[in-house]
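Asks: Pasting the sequence and the predicted model now:
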Amino acid sequence: MARLPFSFGFTFSPSSGHCRLTVQFPGSGRESKKSIDAEKCNIPESETMKGMKGMMPSQSSVKYANEDGYYELEEENEGLLRRGIVEGCHGIDGIADKFQCMSIHKRDAAKRGEDISFQKKCLWKQEQKGRVARLEKQLRIRWELEELIEEQLNRFHAHYNLDMVPTRLKDVAQLLMPNWTPPDELISTAWLGDWRPSAILELVRSLPICSCSSSSSSSNSSRTEQLLSQLIYEIRIEEAIIDEEMAEIQSTCIFYLPFAPGNIQSGRAALASVQSEFKKIERVITKAQQLRFKALELVLKKVLNETDAAEFLVAFEGIQEAIHQFAANQRFQKGPVTVPVKSLGSS
Amino acid sequence: MLKAVGLFGRKKSGSSGGNRHFKDFYADWFNTLNTTLLPSLQNSMSESDSSLTHLSTQVETLHRHFQSYYDALDLAAANDVAQLLDPDWRNPLEKPFLFLGDLHPYLFTNLLRSFLNQNDSDDDEDYDNDSLTVQFADAQDRDRDQLEVLFDRPWHIATAWRSQSYDLMGKLEQVERGLRLMVPALVARARDAQAAFLEHVGRNWDYGSGLQKLAVAEAMAEQNEEMVGVFVDANRLRRSVLVEILGTTSVFQAALFLEGLAQFLVGFRDPELLAQFDLCKTPLGKQNRLAI
C-alpha cells in the first residue's frame, strides 16, 4: 500500500531567509518524531544548493542526537527530501516533535526579503495545510479503493473455490454447462463453464483503461502492454495443459465407464466407475477455477494500478451483464435450435 | 422460457415449417439406434448362419445412421451453433464427456484400441488352451456380462480381433497422428474466436454509456460464424475417423466396433444407472479440493 511514510510542512523565516521543511514520521509503536533546525546547520549558502544536487556523505547512515540518545537515519533512497535532511543539517533541535530541515530557496527569499510579511507567511501556511488536507482525503479514498478491490478479489476467490463446487455428481454438468448461462454467452466467453482466464486478460488489453486514459507516460503503457502479452502467453499454456487433461478424460472414458465395451458393469460397481471418472473431471474443474482466479488476481494486483483496477472491475461487470442480456434475448428470439427436415437423409 | 415460446406458438416451434427441433430429431435418432438398429445388428451377429451380406448391410446401415447424425449437426449449426455446443437434450451424465458438442474424436480411436488391446492381453494369456473359444479362464466377475455375450457369438465374431492386420494398426496410428495435429488446432481456433469477441467488445466499452447492443451483436455474429466453422470441422473429424476405421476393419470387426459405440451411447441413458447417478454425492470433499 502506497501510503506516504511521513507528512510534511513548510515554513519560511524572513529574518534569516531560511525555509524550514518539516517532516513528521509517524512512529510505529514508540514515537520517533525528530526535529532539526535548519538555522543550526553551519553550511555556507552556496554549499547548500550543491549539497542538494547530490553531495551525499559516503556513509549510508548518519546519526543524530535526540532524547533517546541517537537517531539513526539509514534509508538512502527516499529521494531528494531525505537527502537534503542528511546533507544540510548537522545539528538537532530537541524542542519539537518534528523532524525539520534544510535551507532551500535561500537566495530567492533573501532578495525579496522585506516584501514578505508575517501575514503572508501565515496565509501560505494555511493554504498549505488545506492542500495537504485535500491530499490526505484523496489518499484515504485511494486506500478505501484498495480495500474494495481486495474485497472484490476475495469474493471472486470464495465464488470460484467455495460456492461453485459440486456436491452431487450431476452438479458437475451444471458447472460445465450452467443452466443460468445462455448458450451464446457460454460459447463467447466460457471455458470449462466460466470465464476463460486468458480472455479476462484479453479484455483488459482491449478496454480503454490502463494508462491510455490516465496521464501516465507512453513507456508505462507499453510496459503494461508487454506484461499483458507475456501473461496471456503464460496463462494460455496453463489453459492448454488443463485442456489436455480434460481431453484425456473425454477420450479414455471409453475404457472406464461401466457401459464401455471392455468394461461392462452393473449395480454398485457401475456407479463406482462413474464416480471415479467424475472425480477426475472435478479435479480439472478445480484447476480451471484456480487458474481463473489467478488471472483475475494478476490483472488486479500486478497489471493495473488501483484506479485502473477499479475501472476494470466496473467494466468487467458491465460487459458481463451486457453479454448476458444479449445472449438471453438471443436465445428467446431464436427459440430451440432446429434442423431442416428435407435435407435429412432417412436412416 | 421454452414454455413461453410454446405458448406464443412460434413458427419455428413445430416441424411444419420444414424445420424440426434438433432435440426431437436427436430423441428419434437415439430411439432408432437403441430399439431398432442396435438389436438387429446384435441379432445378425448372434446367428451362426447369418450371411455375411446381411451383417454387412446391418453394419452399413448403422454407420450411415451415425453419419446422418453428424450431417444433421452440421445443418443445425447454421441455425444456432451455440445451442449445439451447449445441448440441453444431453443428460448430466453425458455432458461432461462432450467435446465441442459431441464425442471426442480420440474416443473412436480409443474404442478401436480397446478391442485390439483386449486381444493382445488374451494373446499373452494361455492362447493354446482353447483355440475354439475366447479365453475366459481368468475372467473376473466384472467381465461376466461380456463373456455371456461372447458365449452366444459364433466363432468368426468372437475371434474377429485375432485376425487383425498390420494395415489396421498402421491406419490407427496414422489417424491418431492426424488427430494430434487437428484437435489442438480446433481448440486454439475456439479460443481465438473468444479472444476476438472480447477484443471487439472491450474496444466498444464506454464508461458513460456502457456497452452498446449493436457492438455485442456484431461481435457475437462474428464469433458465431467462426464457431460454426470450428464445430463443422470437429464433426468432419469425427465423421472421417469413423470412415477410416470402418474402411479398414473387416465386417466382423466393424460390427463389433459399431456395437460397442452404440452400446456406449445407450449406456449414458440407462435409467437404472441414471437414477443412482442423480442421488450420488461427489467423491471430492471440500478439504480435498482445496488441497489440489
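Replies: Done, it's in. Computed from a predicted model, the values in this text were never measured in an experiment.
Asks: Please enumerate residues in contact with stretch B:223-239?
Replies: The list of residues contacting stretch B:223-239 from outside it, by Cβ atoms under 8 Å, 6 or more residues apart in numbering or on different chains, reads A:184, A:187-188, B:67, B:70, B:73-74, B:77-78, B:81-82, B:84-85, B:99-103, B:105, B:108, B:179, B:182-183, B:186, B:189-190, B:192-194, B:196-197. For every residue, glycine as well, the C-beta is placed using N, CA and C.
Asks: what's the answer for stretch A:293-304, then?
Replies: Residues from elsewhere that reach stretch A:293-304 (Cβ under 8 Å, 6+ apart): A:149, A:152-153, A:156-157, A:160-161, A:197-198, A:200-201, A:204, A:209-210, A:224, A:227-228, A:231, A:235, A:309, A:312-313.
Asks: Measure how buried residue B:275 is and give me the count.
Replies: Burial measure for residue B:275: 10 neighbouring residues, criterion other Cβ atoms under 10 Å in any protein chain shown.
Asks: next one: residue B:46
Replies: Residue B:46 has 13 neighbouring residues, counting by other Cβ under 10 Å.
Asks: One more: residue B:254?
Replies: By the measure other Cβ under 10 Å, the count of residues near residue B:254 is 22.
Asks: for residue B:24, same thing?
Replies: The number of residues packed around residue B:24, counting by other Cβ under 10 Å, is 15.
Asks: what about the helix or strand residue A:313 falls within and chain B, touching?
Replies: When secondary structure is defined by DSSP states H and E, residue A:313 falls within helix A:306-334. Yes - using Cβ under 8 Å from any Cβ of the partner chain, helix A:306-334 comes into contact with chain B via A:311, A:314-315, A:318-319, A:322-323, A:326-327, A:330-332, A:334.
Asks: Emit the ChimeraX select command for whichever of these are buried.
Replies: Selection command for ChimeraX covering only the buried members of the residues of helix A:306-334 next to chain B, criterion 16 or more other Cβ atoms under 10 Å in any protein chain shown:
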select /A:311,315,319,322,323,326,327,330,331,334
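Asks: Quick check: the farthest pair among the residues of helix A:306-334 next to chain B?
Replies: Taking Cβ to Cβ as the measure, these span a maximum distance of 33.9 Å, between A:311 and A:334.
Asks: Could you find the closest non-adjacent residue to the residue in the stretch 1-150 of chain A positioned nearest to chain B?
Replies: Across the stretch 1-150 of chain A, the shortest distance to chain B (Cβ to the nearest Cβ) belongs to residue A:145, at 15.7 Å. In space, and not counting its chain neighbours, residue A:145 is closest to residue A:306: 5.0 Å by Cβ to Cβ, 6 or more residues apart in numbering or on different chains.
Asks: Report whether stretch B:262-269 contacts chain A.
Replies: Yes - Stretch B:262-269 lies within reach of chain A by Cβ under 8 Å from any Cβ, at B:263-264, B:266-268.
Asks: doesn't residue A:259 fall inside a helix?
Replies: No - assigned with DSSP: H, G, I helix; E, B strand; the rest coil, residue A:259 falls outside any helix and is coil.
Asks: Contacts only, for it.
Replies: Neighbouring residues of residue A:259 by Cβ under 8 Å, 6+ apart: A:270, B:263-264, B:266-268, B:270, B:273.
Asks: Can you tell me how far it is from residue A:251?
Replies: Between residue A:259 and residue A:251 the distance is 16 Å, computed by Cβ to Cβ, to the nearest Å.
Asks: tally of neighbours for the spatially closest residue to residue A:160 that is not a sequence neighbour?
Replies: In space, residue A:160 comes closest to residue A:289 once its chain neighbours are excluded; the distance is 4.1 Å by Cβ to Cβ, 6+ apart. Applying the criterion other Cβ under 10 Å, we find 24 residues in the vicinity of residue A:289.
Asks: Contact residues of the stretch 51-200 of chain A facing chain B?
Replies: With Cβ under 8 Å from any Cβ as the criterion, the stretch 51-200 of chain A meets chain B at residues A:161-162, A:165-174, A:176-177, A:182-184, A:186-189, A:191, A:196, A:198-199.
Asks: So which of those residues belong to helices?
Replies: By the criterion of DSSP state H, membership of these in helices covers A:169-174, A:176, A:183-184, A:186-189, A:198-199.
Asks: Between these, which sits nearest residue A:276?
Replies: Sorting those by distance to residue A:276 puts residue A:169 at the head of the list, at 11.1 Å, by Cβ to Cβ.
Asks: picking up where we left off before, just the buried residues of the residues of the stretch 51-200 of chain A next to chain B.
Replies: Buried positions within these, assessed by neighbour count (16+ other Cβ under 10 Å), are A:161, A:165-166, A:169-174, A:176-177, A:182-184, A:186-189, A:191, A:196, A:198-199.
Asks: show me the contacts for the closest residue to residue A:186 other than its chain neighbours.
Replies: Counting by Cβ to Cβ, 6+ apart, the nearest residue to residue A:186 once its immediate chain neighbours are dropped is residue B:86, at 5.1 Å. The neighbourhood of residue B:86, defined by Cβ under 8 Å, 6+ apart, consists of A:177, A:183, A:186-187.
Asks: can you give me the strands in chain B?
Replies: Across chain B, reading from the start of the chain, the strands by DSSP state E fall at B:19-21, B:205-206, B:210-211.
Asks: rank these by mean pLDDT and give me the bottom one.
Replies: Within these, confidence is poorest for strand B:210-211, with a mean of 80 (mean pLDDT).
Asks: Neighbouring strands of it in the sheet, and parallel or not?
Replies: Paired strands of strand B:210-211, with direction, are strand B:205-206 (antiparallel) (DSSP bridges).
Asks: For the strand it pairs with, which outside residues touch it?
Replies: By Cβ under 8 Å, 6+ apart, the list of residues contacting strand B:205-206 from outside reads A:207-208, A:315, A:318-319, B:211-212.
Asks: Against residue A:176, how distant is residue B:88?
Replies: 13 Å.
Asks: And residue A:297, by the same measure?
Replies: Following Cβ to Cβ, the distance that separates residue A:297 from residue A:176 is 23 Å.
Asks: try residue B:22
Replies: Relative to residue A:176, and taking Cβ to Cβ, residue B:22 is found at 20 Å.
Asks: same check, this time on residue B:193
Replies: When distance is defined by Cβ to Cβ, residue B:193 is 19 Å away from residue A:176.
Asks: Return the nearest residue of chain B with respect to chain A.
Replies: Counting by Cβ to the nearest Cβ, chain B gets nearest to chain A through residue B:267 (2.2 Å).
Asks: in chain B, which spans are helices?
Replies: When assigned using DSSP H, the helices of chain B occupy the ranges B:2-7, B:22-31, B:38-46, B:52-85, B:105-124, B:144-151, B:155-158, B:166-203, B:213-248, B:251-267, B:271-279, B:286-291.
Asks: Need the phi and psi values for the closest residue to chain B within the stretch 151-300 of chain A.
Replies: Ranked by Cβ to the nearest Cβ, the top residue of the stretch 151-300 of chain A for proximity to chain B is residue A:259, at 2.2 Å. For residue A:259, the backbone dihedrals (degrees, to the nearest 10) come out as phi -120, psi 10.
Asks: Ok, residue A:262 next?
Replies: Listed backbone geometry of residue A:262 is phi -90, psi 10, with angles given as degrees, to the nearest 10.
Asks: residues contacting the nearest residue to it once chain neighbours are set aside?
Replies: The spatially closest residue to residue A:262, leaving aside those adjacent along the chain, is residue B:114, at 4.6 Å (Cβ to Cβ, 6+ apart). For residue B:114, the residues meeting the contact criterion (Cβ under 8 Å, 6+ apart) are A:254-255, A:260-262, B:260.
Asks: what do you get for residue B:30?
Replies: When the contact criterion is Cβ under 8 Å, 6+ apart, the partners of residue B:30 are B:265, B:269.
Asks: how far away is it from residue A:339?
Replies: As for residue B:30, its distance to residue A:339 is 14 Å (criterion: Cβ to Cβ).
Asks: so where's the stretch 51-200 of chain A shaky on pLDDT?
Replies: Segments of the stretch 51-200 of chain A classed as low confidence (criterion: pLDDT under 70) are A:51-116.
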